[in-house]
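1. Turn this into a model:
(one chain, ligands or ions: 1)
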Amino acid sequence: MNLKDKVVLVTGAGGGIGSAIVNRLIREGAVIVASDRSLDHLQDVIKTAERHHAKIYPLVADLAVKSDCDKLPQRAKEMGQKLDVLINNAGLMRRGNILDTTDEDWSLSMAVNVEAIFRLCRSAIRIMKSQGHGAIVNTASCWGIYPGPNHFAYCTTKAAIAAMTRCLGRDHAADGIRVNAVCPNEVNTPMLRTGFEIRGFDPAEAIGKLNKTVPLGHIAEPDEIADVIAFLASNESRYMCGALLEVNGGKPVY
Ligand SMILES: NC(=O)c1ccc[n+]([C@@H]2O[C@H](COP(=O)([O-])OP(=O)(O)OC[C@H]3O[C@@H](n4cnc5c(N)ncnc54)[C@H](O)[C@@H]3O)[C@@H](O)[C@H]2O)c1
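-> Predicted coordinates:
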């Protein structure tokens, strides 16, 4: 994948998909700058990287805080001496229709899922433009393209990420910077499992049922998304700019 020695900043690196991205980057020989909202969130990926003698720099940042977002790419560059790739993976999901959506649900969803991506991309693109190259991979969602039911705030934020990706992919291709997004459908991570718990379902049982709704036979495992993200981050996707890549096992949103 040509990611060897590339400096890659990953947000939400301690989460379900984030950990799988870090595992994939370890296999690729990348220099990983792993960011999450606390060091506790990063302990497992740090240990895994150390076990494989991989280069990993942990960086704590709260993406609900504007100044943390603005500074993160520069901090990553200082640690890795350059910044080749930004993977905007962190995100949160607030559930419910518009009547269920509190002011706090709305403002936190917009802050972490939208404003953080704007600030991180802006800072990273300044650095990448001066380097003459770079790649950004955003995590949108199939639900940002075809909204699923009763996730009003979440779907709105993911649609914004899809739009930002298309704009940036077009605006910065001539700067040597490629911006693309992965759009997963359901993925077996804490985000999905806690949703079942909140609604009083046993996550394992609920995922078993959900698996039967997917033509390929199972909802995505995090590594099945991480592999696509690695592809978009790498030179293998060198002619792709502003793409929204749906990764859905053949299952449409309904
Ligand atoms: N799981 C799914 O079904 C699914 C489907 C489509 C898209 N996605 C997207 O994939 C991405 C990863 O989600 P996941 O499923 O691995 O969920 P997850 O909950 O396991 O991971 C999310 C990560 O984001 C981090 N994060 C949340 N708020 C933060 C903040 N304020 N500051 C810094 N970090 C913060 C969390 O600490 C966590 O590490 C998200 O953008 C999500 O919307 C997930």
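2. close to the ligand, is stretch 162-176?
-> No: with CB under 6 Å from any ligand atom as the criterion, the ligand is not reached by stretch 162-176; the gap is at least 11.4 Å. Just so you know, the C-beta spots here come from the backbone N, C-alpha and C atoms, and that holds for glycine as well.
3. Can you find the residue of the stretch 51-200 of the chain that comes nearest to the ligand?
-> Ranked by CB to the nearest ligand atom, the top residue of the stretch 51-200 of the chain for proximity to the ligand is Gly91, at 2.3 Å.
4. how about the nearest residue to that residue, chain neighbours excluded?
-> Leaving aside its chain neighbours, Gly91 sits nearest to Asn113 (5.1 Å; criterion: CB to CB, 6 or more residues apart in numbering).
5. hang on, isn't the residue of the stretch 51-200 of the chain closest to the ligand packed against Met110?
-> No: applying CB atoms under 8 Å as the test, Gly91 and Met110 come out as separate, 11.8 Å apart.
6. Got phi/psi on Lys77?
-> phi -60, psi -40 (degrees, to the nearest 10).
7. Same question for Gln81.
-> In this entry, Gln81 is assigned phi and psi values of phi 70, psi -10 (degrees, to the nearest 10).
8. do the one 3 residues further on as well
-> Note on Asp84: backbone dihedrals following degrees, to the nearest 10 are phi -90, psi -40.
9. Please identify which of Gly91 and Met110 sits among more neighbours.
-> Higher neighbour count among Gly91 and Met110: Gly91, with 26 against 16, using other CB atoms under 10 Å.
10. quick check, the more buried one in a helix?
-> No: secondary structure assignment (DSSP: H, G, I helix; E, B strand; the rest coil) places Gly91 in coil, not in a helix.
11. Now do the contacts for it.
-> Applying CB atoms under 8 Å, 6 or more residues apart in numbering to Gly91 gives the contacts 12, 112-113, 139, 157, 191.
12. Recalculate using a threshold of 10 Å.
-> Gly91 makes contact with 11-12, 15, 17-18, 63, 109, 112-114, 116-117, 138-141, 154, 157-158, 161, 191, according to CB atoms under 10 Å, 6 or more residues apart in numbering.
13. Likewise for Val179?
-> The contact partners of Val179, taken as CB under 10 Å, 6+ apart, are 86, 88, 121, 124-125, 128, 134-138, 164-173, 232, 240-243.
14. Can you verify it is assigned to a strand?
-> Yes: for Val179, which was evaluated using three-state DSSP, the result is membership in a strand.
15. Go ahead and confirm Ser109 touches Thr101.
-> Yes: the criterion here is CB atoms under 10 Å, and Ser109 meets it with Thr101 at 8.5 Å.
16. Please narrow the contacts of Gly91 to those residing in strands.
-> Applying DSSP state E to the contacts of Gly91, the entries found in strands are 11, 138-139.
17. circling back: out of the contacts of Gly91, which sit inside helices?
-> 17-18, 109, 116-117, 154, 157-158, 161, 191 (DSSP state H).
18. which of those has the most neighbours?
-> Of all the ones in helices among the contacts of Gly91, the highest neighbour tally under other CB under 10 Å goes to Ile17, namely 30 neighbours.
19. shouldn't that residue be in contact with Glu186?
-> No: under the criterion of CB under 10 Å, Ile17 lies out of contact with Glu186, with a separation of 11.9 Å.
20. Could you check the pLDDT of Glu197?
-> Looking at Glu197, its pLDDT stands at 93.
21. ok, and the closest non-adjacent residue to it?
-> Leaving aside its sequence neighbours, Glu197 sits nearest to Pro203 (CB to CB, 6+ apart; 6.1 Å).
22. Over to Val7?
-> Leaving aside its sequence neighbours, Val7 is closest to Gly80 (3.3 Å, by CB to CB, 6+ apart).
23. okay, now Asn150: neighbour count?
-> One way to gauge burial is a neighbour count; for Asn150, by other CB under 10 Å, it gives 12.
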